[in-house]
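Trainee: Sequence and predicted structure are below.
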Amino acid sequence: MADTFTLEFHDAPQSFLDAAGDLLAAQPVLGSVIASVTSRTVRELADGMDSWAEVGAPFPRWWVVVRDRSGEPVSAAMRTAPFAPHPTFGLPMPDDAARALAVALHDRGEHLGGANGALPGAEVLARTTAELSGGEMVSEKATRLWECTTLHVPPAPEGRLRPAAEADAELVLAWFTAFHAEADEQAGREPDPTSGEHNTLDTVLVRIREGVEWLWELPDGAVAHLTGCGLPSYGVSRIGPVYTPREHRGRGIASYVVGELTRRGLEAGHRMCLFTDRANPTSNKIYAGLGYEPVADMAEHLVSLPAEP
């Protein structure tokens, strides 16, 4: 029953990490998105920045810890996405807890336009929201979380791997944008410029200064590839995005770079994970060949408001 779960909302990232830390530490791969995004927000606020102030969302960002009857945290979710419709992202969540979260948001007048994360909880949250609002739920994108277990790094192509420099910021930003558009195309979807993670030159510069963006440079100096490799949270580092412009594909660059960055992470003692689009068989095959194995299926859902009469 729903009343066996308590929803504990947080409006500050550090208080959420204090409350959910044991849960995130126990499920560090499943929780890698929540942990890394929240940790980045803590660092941002410590540096005197607050990118959420520029988002213009009609609600404050929040995190929630789901506790069972004994008070133990059993799940968590956040609504921190800076892009419309500002979907939630959740860990595996009991169905009753997902329904309780939908009711809580509805009761406070906060329309949830999207729910992403582990299944079936994310779908239950989105479907219940649609039922409460009289809107419609659409399953937008199916994703899969992978973790590297036995690594196989392919031979290196010609060129060298180097960290992105501040002078590369505009190129990195352009490739972030292209990555999302071409990922939609490769999966047979109409490209949606409003979907996916949104970045600015400032956020890209932050990532570059953190040393998490990597480029492949050809012998002639041309840059041919981008891979991100995030700072570890609770011992887990997540690969992505992975982007090669069309004119440089077919050389094995992406496979090698992901494999090499994965190797470096594992040797540093980190667990390594990444996400794929389940509708893209090419990327799924590449990562399976490197030694990544599926951990959980996830999905992105949209929830519309009812049409005006």
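Mentor: Arrived safely, thanks for sending.

Trainee: tell me the secondary structure for Val295?
Mentor: In the three-state summary, Val295 is assigned as strand, counting by DSSP: H, G, I helix; E, B strand; the rest coil.

Trainee: What sits closest to it if chain neighbours are left out?
Mentor: Nearest residue to Val295 in three dimensions, chain neighbours excluded: Leu145, at 4.6 Å (CB to CB, 6 or more residues apart in numbering). Backbone N, C-alpha and C define where each C-beta goes, glycine included.

Trainee: Just list whatever residues bridge to the one you found.
Mentor: Residues in a beta bridge with Leu145, per DSSP bridges, are Phe275, Ala296.

Trainee: okay, now the domains of the protein?
Mentor: Partitioning the chain according to automatic domain parsing yields domains covering residues 2-143+299-303, 160-290.

Trainee: any chance of these in CSV, plus distance to Leu151 and mean neighbour count?
Mentor: Converted to CSV, those look like this (distance: least, CB to CB, whole Å; neighbours: other CB atoms under 10 Å):
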stretch, distance to Leu151, mean neighbour count
domain 2-143+299-303, 16, 18
domain 160-290, 6, 17
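
Trainee: Looking at the ones you listed, spot the one closest to His152.
Mentor: domain 160-290 (5.8 Å; CB to CB).

Trainee: what about that closest one, how long is it end to end?
Mentor: Across domain 160-290, the terminal residues are separated by 19 Å (CA to CA, to the nearest Å).

Trainee: Please apply the same query to stretch 276-285.
Mentor: Between the opening and closing residues of stretch 276-285 there is a gap of 10 Å (CA to CA).

Trainee: Let me see the contact set for Val74.
Mentor: Contact criterion CB atoms under 8 Å, 6 or more residues apart in numbering gives Phe5, Leu23, Val66, Arg67, Asp68, Pro94, Ala97 as the residues in contact with Val74.

Trainee: hey, what's the third one bridged with?
Mentor: The one in question is Val66. Beta-bridge pairing of Val66 under DSSP bridges involves Leu7, Ser75.

Trainee: Mean pLDDT lowest where, among the domains of the chain?
Mentor: When the domains of the chain are ranked by mean pLDDT, domain 160-290 comes last with a mean of 90.

Trainee: For the residue nearest in space to the middle of the chain, give me phi and psi.
Mentor: Closest to where the C-alpha atoms of the chain average out (CA atoms, centre = their mean) is Val33, at 4.9 Å. Main-chain dihedrals, Val33, degrees, to the nearest 10: phi -70, psi -50.

Trainee: next one: Met49
Mentor: Dihedral angles of Met49 (phi, psi; degrees, to the nearest 10) stand at phi -110, psi 150.

Trainee: still on that earlier bit, pretty sure the residue nearest to the centre of the chain is touching Phe89, no?
Mentor: Yes. Taking contacts as CB atoms under 8 Å, Val33 lies within contact range of Phe89: 5.6 Å.

Trainee: Quickly list what's touching both of the two.
Mentor: Contact with both Val33 and Phe89 is made by residues Gly117, according to CB under 8 Å, 6+ apart.

Trainee: Switch the domains of the chain over to TSV; also include distance to Pro154.
Mentor: Shown next, in TSV, are these (distance: least, CB to CB, whole Å):
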stretch	distance to Pro154
domain 2-143+299-303	24
domain 160-290	5
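
Trainee: Which among those is found nearest to Thr150?
Mentor: domain 160-290 (9.4 Å).

Trainee: Figure out how far that closest one is from the centre of its chain.
Mentor: Once both centres are worked out by CA atoms, centre = their mean, to the nearest Å, domain 160-290 turns out to sit 13 Å from its chain's centre.
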